[in-house]
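Let's see this in three dimensions:
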Amino acid sequence: MTCLPATLAGAVERRRLLGSCAAGTALSLLGLAHAQAQPPLRLARVENIPDQLVGSAILEAVYRRLDLAVEFVDMPAKRALMESSQGRVDGEVQRVLDVGREYPTLLAVQPPINYIEPAVFAKRVDFPVTGWNALAPYSIGIVRGVGSSERGTRGMARVEAVTSIDQLMEILANDRIDVAVSDRFSGLLVLRRRHLETKIRTLAPVLEHIPLYHFLNERRRELVPRVGRIIQAMAASGELERLREELTTRMIGASDSERVQ
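Purely as a prediction, here's the structure:
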């Protein structure tokens, strides 16, 4: 057996370790380059709906844990469903679960990431909100493409659909409709921003508490369980609800700052 001098043996060992480190660094850089080379996931986000901003911020935190970049494409609600269901974008920020039945190419990620509470907004009328049927005698405004509002008012005689919550509150303020339906958080935020909270009020109670799910197009089905596991862990630790509370509080604070300026 040949024995190397201690100094030579040490040099050989150092070269071996340096070679291993260099190889490891090269692999890490290759992995990073691959991740950076991947195009970001493009998700449809319904424009002019404040709660969609909450959902997109939550998803940024979720996908960050998977080392995946996301970008959001703002568009009207109905068009968003067309683009996502046909695979021209990779999915939807958040929708009600029934969307998966209407658009089978969209796969819901479990569990939900957010929720909405559809509420009735009114200027001149007042009545107890005992459910969707309580709206039937009135002229009703909704945002086109918002599934919960469309389903809740289906079959009612006087329903006007508009493209945004801002437009919805404007036609209510101008007495073109008796009541408007919007998720409570988004509606209140728009009223504060447009200085309409003294003219328009929220009737009680809310119509529903509806969980919202992130959807991916079937082309991205391999991501569904991975994203779901991250959301599940965030929900179990309480991080998901804390993040939502932080985001909504920050948005309301920003709205108040705009009013002061």
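
For the rest of this, base every contact and every neighbour count on C-alpha atoms.
Fine.

ends of stretch 198-208, how far apart?
24 Å (C-alpha to C-alpha, to the nearest Å).

Now do that stretch: everything it contacts.
117-123, 126-132, 173, 184, 191 (C-alpha atoms under 8 Å, 6 or more residues apart in numbering).

can you tell me which helix or strand the closest residue to Glu197 other than its chain neighbours belongs to?
Distances taken as C-alpha to C-alpha, 6 or more residues apart in numbering put Leu191 closest to Glu197, at 5.2 Å, once the chain neighbours are dropped. Assessed by DSSP states H and E, Leu191 sits inside helix 184-193.

Now do that helix, average pLDDT.
Averaged across helix 184-193, the pLDDT comes to 93.

other SSEs contacting it?
Helix 184-193 makes packing contacts with helix 50-64, helix 165-173, helix 239-260 when contacts are defined by 3 or more C-alpha pairs under 8 Å, 6 or more residues apart in numbering; DSSP states H and E.

could you dump those to JSON lines with distance to Leu216?
Output for the helices and strands packed on helix 184-193, formatted as JSON lines (distance: least, C-alpha to C-alpha, whole Å):
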{"stretch": "helix 50-64", "distance to Leu216": "12"}
{"stretch": "helix 165-173", "distance to Leu216": "25"}
{"stretch": "helix 239-260", "distance to Leu216": "19"}
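
can I get those in a markdown table with mean pLDDT and mean neighbour count?
Supplementary listing: the helices and strands packed on helix 184-193 in a markdown table, determined by pLDDT from 0 to 100; neighbours: other C-alpha atoms under 10 Å:
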| stretch | mean pLDDT | mean neighbour count |
| --- | --- | --- |
| helix 50-64 | 96 | 19 |
| helix 165-173 | 96 | 21 |
| helix 239-260 | 81 | 14 |
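
Of all those, which one comes closest to Arg221?
With C-alpha to C-alpha as the measure, helix 50-64 is the member of those nearest Arg221 (14.9 Å).

that older thread, and the residue nearest to Glu197, how many neighbours?
Neighbourhood size, Leu191 [other C-alpha atoms under 10 Å]: 20.

Please tell me how far it sits from Met156.
26 Å.

Now Val181: which helix or strand?
Here Val181, judged by DSSP H and E, is contained in strand 179-183.

Given that strand, what are its sheet partners and their directions?
Paired strands of strand 179-183, with direction, are strand 118-122 (antiparallel), strand 140-143 (parallel) (DSSP bridges).

excluding its backbone neighbours, what's nearest Val159?
With sequence-adjacent residues excluded and distances taken as C-alpha to C-alpha, 6+ apart, Val159 is closest to Ile140, at 4.8 Å.
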